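>>> Just to be clear, the model below is a prediction. Sequence and coordinates:
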Amino acid sequence: MEYRSSNKIEIYLVKDGQIDYYSDEINLEDLDLEKTPWLRHSDIEFYDWSSHIFYLNRDLEKEKNVRKYFVVTNNKEPLFSGYFFSMVSSYIPMGPTICATDGFFFPKNVVSLNGFGLPQGKQTLNEQSNFRAALENAGFLREGISVTLEDVKRKSSTKIEYSYTITNNDKEIIYVLDPNKMGASRFHYYTNGVSFRQGNKSINAENKSVVASEGILSRWYIGVLPEKSISRKVVLDGFENLPVGNVDAYFAFPGSSNKSGNWRKSGGRIWLGTFRIEKEVFLN
């Protein structure tokens, strides 16, 4: 049995009317929290640091908490606050967020603290060293994966070939989507692939070929062994007129959109979330 310390990590809802919707200044010590935790310590299986997702042993209802604030605590001491947002909201929070639209991004038995998957939100959470230490002491911390964009080649004015590497930094098998198994067109249904910015101009594969899918088949995953890496090359067509020279490249590696809650898989788990990368490249 995995050892777990006396650290008790929970999420409490903030009672209404205490936080200014547009204010960046929040005094955690002065907040009045609900008496019962929304997420109990006993609900948590583990926390994936690479995606900032709690994997749970039961379902949690999120939708009724739209526009509410929450506080993550350790032994009832506040660590940081966050916000429940809805997909229909025009407000995009930059800090820790939980998507309150059940079944849109994630199943009910996970809680992502980086709901939009934005770099700003991930950076904020990465800086929570006290939170990381508490997770580790509680036996909840899992490192997850890292993704690097290795190379981008301009094949024509409308087509690129890009390569990336996924590394499993954990101690169990992690299953990820494999473009070799599902095909580039299906893979690009779940991600926009690589996009670019040169100066003030954004360049996207707006006419890319995609194959829609109602669900993800088991054979489309590949298991990455602990402390091992895999690399893939993918062709992406559909650009109107690719530039030449230095550009900023952006790639969002997609986790599974499996909303059934079946994230357990033989010998490990399915990786959820989005891993975003930014890199300067030269297109010739």
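Done, it's in. Residues are numbered from 1 along each chain as shown.

>>> rest of the way, CA atoms for contacts and neighbours
Will do.

>>> low pLDDT regions in the stretch 1-150 of the chain?
1-5, 21-24, 89-93, 102-104 (pLDDT under 70).

>>> Let me see the ranges of the helices in it.
119-126, 129-138 (DSSP state H, counting those that start in this stretch).

>>> which phi and psi does the residue nearest to Trp263 when sequence neighbours are not counted have?
Once flanking residues are discounted, Trp263 sits nearest to Ile270: 5.0 Å by CA to CA, 6 or more residues apart in numbering. In terms of degrees, to the nearest 10, the main-chain angles of Ile270 are phi -90, psi 130.

>>> Can you point out the buried residues in stretch 267-279?
Buried positions in stretch 267-279, judged by neighbour count with 16 or more other CA atoms under 10 Å: Gly268, Arg269, Ile270, Trp271, Leu272, Gly273, Thr274, Phe275, Arg276, Ile277, Glu278.

>>> and the first one, what does it touch?
For Gly268, the contact set (CA atoms under 8 Å, 6 or more residues apart in numbering) comprises Glu172, Ile173, Ile174, Tyr175.

>>> what does the fourth one give?
Counting by CA under 8 Å, 6+ apart, Trp271 touches Gly144, Ile174, Tyr175, Val176, Gly255, Ser256, Trp263.

>>> Would you mark the buried spots in stretch 158-178?
Buried positions in stretch 158-178, judged by neighbour count with 16+ other CA under 10 Å: 158-162, 164, 166-170, 172-178.

>>> just stretch 194-202 next, same as before
Using 16+ other CA under 10 Å as the burial criterion, the residues of stretch 194-202 that qualify are Val194, Ser195, Phe196, Arg197.

>>> How about stretch 65-76?
Applying 16+ other CA under 10 Å to stretch 65-76 flags Asn65, Val66, Arg67, Lys68, Tyr69, Phe70, Val71, Val72, Thr73, Asn74 as buried.

>>> circling back: the helices of the stretch 1-150 of the chain into JSON lines, with extra columns for mean neighbour count and distance to Tyr190?
Converted to JSON lines, those look like this (neighbours: other CA atoms under 10 Å; distance: least, CA to CA, whole Å):
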{"stretch": "helix 119-126", "mean neighbour count": "17", "distance to Tyr190": "18"}
{"stretch": "helix 129-138", "mean neighbour count": "17", "distance to Tyr190": "30"}
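
>>> Tabulate these (CSV), appending distance to Ile26.
As requested, the helices of the stretch 1-150 of the chain are arranged in CSV below (distance: least, CA to CA, whole Å):
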stretch, distance to Ile26
helix 119-126, 15
helix 129-138, 18
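
>>> between these, which gets nearest to Leu242?
When those are compared by CA to CA, helix 119-126 sits nearest Leu242, at 25.1 Å.

>>> and that closest one, how far from the chain's centre?
Put simply, helix 119-126 sits 10 Å off its chain's centre (CA atoms, centre = their mean, to the nearest Å).

>>> likewise stretch 255-271?
Using CA atoms, centre = their mean, the offset of stretch 255-271 from its chain centre is 14 Å.

>>> what does stretch 65-78 give?
20 Å.

>>> before we move on, what about stretch 132-146?
For stretch 132-146, the separation from the chain centroid amounts to 15 Å (computed by CA atoms, centre = their mean).

>>> ok, and what's touching it?
2-9, 44-51, 74, 166-170, 174, 271, 275.

>>> likewise stretch 169-179?
Contacts of stretch 169-179 (CA under 8 Å, 6+ apart): 142-146, 168, 186-187, 220-228, 232, 234, 254-256, 265, 267-271.

>>> Do you have the strands of the stretch 151-284 of the chain handy? List them.
159-168, 173-177, 194-198, 201-203, 221-224, 229-237, 245-254, 264-265, 268-270, 274-283 (DSSP state E, counting those that start in this stretch).

>>> now for the ones you listed, which one comes closest to Leu33?
Of all the strands of the stretch 151-284 of the chain, strand 274-283 comes closest under CA to CA, at 30.5 Å.
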